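Asker: Curious how this folds, go ahead:
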Amino acid sequence: MKCVIIDDEPLAVELLEDFVKKVDTLELISTFNNAIDAVSFINQNNVDLIFLDIQMPHFSGIDFLNTIEKKPLVIFTTAYSDYAVEGFNLGAVDYLVKPIPFHRFLKAVVRAQQVLQPVATPALTESTNTPEIEQDFMFVRAEYENVKLNFADILFIEGLKDYVKIYTTDNKFTLTLISLIKLENLLSSKGFARIHRSYIINIKHVKSIQKNKVLISDKRIPISESYKNTFFEKINL
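Answerer: Residues are numbered from 1 along each chain as shown. Okay, the predicted model is just below:
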């Protein structure tokens, strides 16, 4: 990701420059000690991510965001937590309060990467001589890699606030940034069913249905009334 640092504090810029150098997936293309000078650069160049201070003299980070035409991903870096709500309302990926520890910086970068590349499904090469083969796997972004998940190995998917947990037959889970509705659209024809606003299940792994719950592995997953009829129709109950 091509990134830019905008901060009026030289020491803060130095720290972020050092952090960026430690992350192979980041490329620092410019730094600015005030937001005014950065406006034309952002509008004229391809930038994926901005590390943006909020409290700067004459022209704040929020003023800057409301001015630029292009809208890269933004991670706010500030000494004040008071602007967190306003920052997220402006679509910020994350909000880092100074002094920023590296592990917290890294978490924010991972979140930005997952926003840019939430999920990838393999493309088929078209050929007049080769019949189309239905894909039985997908790739999802987790940490610094695209992880291959076979549909048959997925037990169920749990939706969290910003992420989903994809539980698999090896008793592990993959955490990725994507909405349940996107996964529902992708998996509904693959033997999966949405049974709750927070859960998608793989029907082949259902051991039993007990009142308003399904049992998968040792996990009892609730069936909500809004999804119950559709689910029961799908399994011919």
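Asker: Okay, the most centrally placed residue in the chain and Val93: tell me how far apart.
Answerer: Of all residues in the chain, the one closest to the mean position by C-alpha atoms, centre = their mean is Leu177, 2.7 Å from it. Distance, Leu177 to Val93, by C-beta to C-beta, to the nearest Å: 10 Å. Quick note: C-beta positions are derived from backbone N, CA and C, even for glycine.
Asker: Now do the shared contacts for those two.
Answerer: 111, 115 (C-beta atoms under 8 Å, 6 or more residues apart in numbering).
Asker: any idea which helix is longest in the protein?
Answerer: helix 102-116 (DSSP state H).
Asker: tell me what that helix is packed against?
Answerer: Applying 3 or more C-beta pairs under 8 Å, 6 or more residues apart in numbering; DSSP states H and E, we find helix 102-116 packed against helix 10-21, strand 73-78, strand 94-97.
Asker: of all those, which lies closest to Val140?
Answerer: strand 73-78 (18.8 Å; C-beta to C-beta).
Asker: Neighbouring strands of the closest one in the sheet, and parallel or not?
Answerer: Take DSSP bridges as the rule and strand 73-78 pairs in its sheet with strand 49-52 (parallel), strand 94-97 (parallel).
Asker: Pick the most buried one from those strands.
Answerer: strand 49-52 (a mean of 27; mean count of other C-beta atoms under 10 Å).
Asker: mind checking how far that one is from the chain centre?
Answerer: 17 Å (C-alpha atoms, centre = their mean, to the nearest Å).
Asker: Report the mean per-residue pLDDT for that strand.
Answerer: Averaged across strand 49-52, the pLDDT comes to 95.
Asker: any idea which helix or strand comes after it?
Answerer: helix 61-67 (DSSP states H and E).
Asker: list the helices and strands that following helix packs on?
Answerer: helix 35-44, strand 49-52, strand 73-78.
Asker: closest one to Tyr227 among those?
Answerer: Per C-beta to C-beta, nearest to Tyr227 of the helices and strands packed on helix 61-67: strand 73-78, 32.9 Å.
Asker: Right, I'll leave it there.
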